[in-house]
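Student: Dropping a prediction and its sequence here:
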Amino acid sequence: MIKGIKQSLYGLVAVLAISVAMFAAPSVGAADALSGACAADPTASVCATQTNDFNSIVTIIVNTLLFLIGAISVLMVIVGAFMYTTSGGDSAQLTKAKNTIIYSIVGLVVAALAYAIVTYVVSQL
């Protein structure tokens, strides 16, 4: 049982790493191309809109993680609702279902607040 949970966690970490790499890699390449274009012609209009590489990478990573947390939170609310409807009046199952729903909503709120904080800090750099 524990081995299966470990494998699931490893799989989740691998999926997260691949997702972050897929979203971050194109932006880094685009930033490199823009910096090369700006070095050749600094008066180009694209140079004025070029952003800091660190800011764009952090923004992409945070947006990706927020999307994943949101998707997991919605799935956990659905699982909690399913547990609630199939509890059959058992108080232990009802408590477990309510806690699942509450914790997933609290997790989503914490993720939204973390997003707001990171966005503010990155915009100040």
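Tutor: Perfect, thanks for sending it.

Student: Give me the neighbour count for Gly80.
Tutor: 20 (other C-beta atoms under 10 Å). Any C-beta I mention is one placed from the backbone N, CA and C, and that applies to glycine too.

Student: wait, what's in contact with it?
Tutor: Gly80 makes contact with 97-101, 104, according to C-beta atoms under 8 Å, 6 or more residues apart in numbering.

Student: Read off the pLDDT value for it.
Tutor: Among the per-residue scores, Gly80 shows a pLDDT of 92.

Student: I'd like the distance between it and Lys96.
Tutor: For Gly80, the distance to Lys96 equals 8 Å [C-beta to C-beta, to the nearest Å].

Student: do Ile117 as well
Tutor: 31 Å.

Student: higher neighbour count, the two?
Tutor: Lys96 (14 against 11).

Student: Now that one. Nearest residue, chain neighbours left out?
Tutor: What sits nearest to Lys96 in space, not counting adjacent residues and going by C-beta to C-beta, 6 or more residues apart in numbering, is Met83, at 6.4 Å.

Student: tell me which element the one you found is part of?
Tutor: Using DSSP states H and E, Met83 maps to helix 53-85.

Student: quick one, strands of this structure?
Tutor: In the chain, no strands are defined using DSSP state E.

Student: what about the helices in the protein?
Tutor: With DSSP state H as the criterion, the chain has helices at 2-40, 45-48, 53-85, 91-124.

Student: returning to that earlier point: please pick the buried ones from the contacts of Gly80.
Tutor: Among these, those classed as buried by 16 or more other C-beta atoms under 10 Å are 97, 100-101, 104.
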